[in-house]
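Q: missing the sequence, but the structure's below:
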Ligand code: NAD
């Protein structure tokens, strides 16, 4: 399946005369400047926010299974901590770079602020293809990376989480390595751990759940009936499958879903629970399409983006809606499940066309929100039930939605600008009351 310029989510390729930005950092800075125009903020604050506080670059030696030694490069970008410790994922991916980590750490700063969480943005990773690592090598690489980052992370400093190529087990190893060196079990150093070592119920489903909640609220805002709302979901992984199944349960018609193996479409609505998610059986969406009466396979991977649906949820990778296909998007509302699925230039065209784009920093923020709940549970040594987690998540998402909707209505701006305005306003106020020292 081809998705044009799609990559890890954040790498950009200049595709046309509209001069699309090339990296997450460039996009993040452009979005910051764009939103700042709607706010009465000290320009010095905006200038400070264009730069990360620190980027740690570390060498991570690994003894391979055959006894040879290879050295990998790891990064941890810490963007801004005016509202609390840095928070953000650690990825193992060949495309990890300093610039990518900085751009993604900026997005985490806005995401935490729009959700009003007491965190700032961080992001890091190791330049490695996890498919080339045995389980033992993955564990040794994680433990050594944890040791190299040990001085810079901690429950009060910087709290990593899983991201591409890392998972709950990676976080358990990271936490164990950190705890052994610190001399005390410190579950709050990372989130996204297995529940048995301090992970939270509901963490895995949370980003998809928040996408579903925001889709429901957007439908209500634009006077669509949730019952029969037509939805297409690109990417049937953690975010996409959880969002699709919840919306299906709530009465929406999920008419198309896709994964990197292909896309399936049924105008009467798919049985989302019968389609295996990526974790259940990777890239099995097309098998369902072949075996199920009424379902048809879509010819090209990008076709799903161009279906005439009420809501399109890109939940796979970044940069899938670009100037090359933006005029073929026929959905009325786009809810961003993935990080950065819409390029800056495409976003402007969608706005001109009256397509409402609910941004990633709001829609998929359920992940970091339940990470916050996990951190609270770890610090307080008290676990919450799944019902408590989901009920608190619902309430946090509605507060954020209300704050962003308030700016959309008051300033007549896009949902993305409104989310940035809410976030920047909070960050700028914190910077203002704390001051610049010396
Ligand atoms: P995942 O690995 O569980 O699933 C990704 C899915 O996308 C898979 O079904 C895969 O086959 C499919 N896919 C990959 N490339 C594709 C393509 N070109 N076209 C169609 N489908 C494709 O990943 P995930 O955790 O669901 O993450 C998806 C996106 O959401 C990423 O951008 C990620 O950064 C973002 N996100 C994830 C979380 C989280 O905690 N899981 C939180 C916030 C944001």
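A: That came through, no problem. Just so you know, these numbers come straight off a predicted model, no measurement behind them. Numbers count the residues shown, from 1 in each chain.

Q: after the helix or strand harbouring residue 231, which helix or strand is next?
A: Assigned by DSSP states H and E, residue 231 falls within strand 230-234. Of the helices and strands lying after strand 230-234 in sequence (DSSP H and E), the nearest is helix 238-249.

Q: not counting its own residues, what contacts that next one?
A: Applying CB atoms under 8 Å, 6 or more residues apart in numbering, the external contacts of helix 238-249 come out as 204-205, 207-209, 211-212, 215-216, 226, 229, 231, 233-234, 236, 254, 257, 269-273, 275, 277-279, 313, 315-316, 337-338, 364. Every residue, glycine included, has its C-beta placed from N, CA and C.

Q: quick one: that helix to chain centroid distance?
A: 15 Å (CA atoms, centre = their mean, to the nearest Å).

Q: and for stretch 120-133?
A: 15 Å.

Q: now do it: distance from first to last residue.
A: 31 Å (CA to CA, to the nearest Å).

Q: ok, now stretch 259-266?
A: Stretch 259-266: ends 15 Å apart by CA to CA.

Q: equivalent analysis for stretch 60-79, please.
A: For stretch 60-79, the first and last residues are 22 Å from each other (CA to CA).

Q: and if you look at stretch 94-102?
A: Termini of stretch 94-102 sit 16 Å apart (CA to CA).

Q: mean confidence for that stretch?
A: Averaging pLDDT along stretch 94-102 gives 96.

Q: check whether that stretch comes near the ligand.
A: No - Stretch 94-102 does not reach the ligand (CB under 6 Å from any ligand atom); its nearest approach is 11.7 Å.

Q: what does that stretch contact?
A: By CB under 8 Å, 6+ apart, stretch 94-102 touches 7-8, 10-11, 23-25, 52, 55, 57, 75-77, 79, 123-129.

Q: among the residues you listed, which ones are in helices?
A: 24, 25 (DSSP state H).

Q: low pLDDT regions in the stretch 1-150 of the chain?
A: Residues of the stretch 1-150 of the chain meeting the criterion pLDDT under 70: 1-22.

Q: tell me which stretches of it form helices.
A: Using DSSP state H, counting those that start in this stretch, the helices of the stretch 1-150 of the chain run over 24-36, 43-49, 98-114, 135-149.

Q: of these, which stretch is the most buried?
A: helix 98-114 (a mean of 27; mean count of other CB atoms under 10 Å).

Q: any idea how far residue 125 is from the closest residue to residue 173 other than its chain neighbours?
A: Using CB to CB, 6 or more residues apart in numbering and skipping the chain neighbours, the partner closest in space to residue 173 is residue 142 (4.4 Å). According to CB to CB, to the nearest Å, residue 142 and residue 125 sit 11 Å apart.

Q: how about residue 162?
A: Residue 162 is 11 Å from residue 125, by CB to CB.

Q: first-to-last residue distance for stretch 57-76?
A: So stretch 57-76: terminal residues 7 Å apart, CA to CA.

Q: just the buried positions in it, please.
A: 58, 60, 62, 72, 74, 75, 76 (16 or more other CB atoms under 10 Å).

Q: those: which two are farthest apart?
A: 62 and 76 (17.5 Å; CB to CB).

Q: narrow the contacts of helix 238-249 to those in helices?
A: Counting by DSSP H, the contacts of helix 238-249 place 207, 208, 209, 211, 212, 215, 216 in helices.

Q: which of those residues come close to the ligand?
A: Among the ones in helices among the contacts of helix 238-249, the ligand is touched by residue 207 when using CB under 6 Å from any ligand atom.

Q: my guess is residue 420 meets residue 30, correct?
A: No - judged on CB atoms under 8 Å, residue 420 makes no contact with residue 30 at a distance of 11.1 Å.

Q: residues near residue 296, how many?
A: As a burial measure, residue 296 scores 14 neighbours (other CB atoms under 10 Å).

Q: picking that back up, can you check which residues contact both of residue 162 and residue 125?
A: By CB under 8 Å, 6+ apart, the residues touching both residue 162 and residue 125 are 89, 90.

Q: how near is the closest residue in space to residue 430 that isn't next to it in sequence to residue 123?
A: In space, and not counting its chain neighbours, residue 430 is closest to residue 82: 4.6 Å by CB to CB, 6+ apart. Distance, residue 82 to residue 123, using CB to CB: 17 Å.

Q: so which of these two has more stuff around it?
A: More crowded of residue 82 and residue 123, by other CB under 10 Å: residue 123, with 33 against 20.

Q: find the closest residue to the ligand in the stretch 151-300 of the chain.
A: residue 237 (1.6 Å; CB to the nearest ligand atom).

Q: which among the contacts of helix 238-249 count as buried?
A: 204-205, 207-209, 211-212, 215-216, 226, 229, 231, 233-234, 236, 254, 257, 269-270, 272, 275, 277-278, 313, 315-316, 337-338, 364.

Q: how close does residue 196 get to residue 182?
A: 20 Å.

Q: neighbour-wise, which of these two wins?
A: residue 182 (12 against 8).

Q: so how far is stretch 207-218 from its chain's centroid?
A: 13 Å.

Q: make that stretch 169-189, sorry
A: For stretch 169-189, the distance to the chain centre is 24 Å (CA atoms, centre = their mean).

Q: hmm, that stretch touching the ligand?
A: No - using CB under 6 Å from any ligand atom, stretch 169-189 never reaches the ligand; the gap is at least 11.6 Å.

Q: buried residues of that stretch, list them for me.
A: Buried, per 16+ other CB under 10 Å, within stretch 169-189: 170-179, 186-189.

Q: contacts for that stretch?
A: Under the criterion CB under 8 Å, 6+ apart, residues 90, 92, 138-139, 142-143, 145-147, 150, 153-155, 159-162, 190-194, 197-199, 375, 378-379 lie in contact with stretch 169-189.

Q: in strands only, show me those.
A: 90, 92, 159, 160, 161, 162 (DSSP state E).

Q: good, we can wrap up now.
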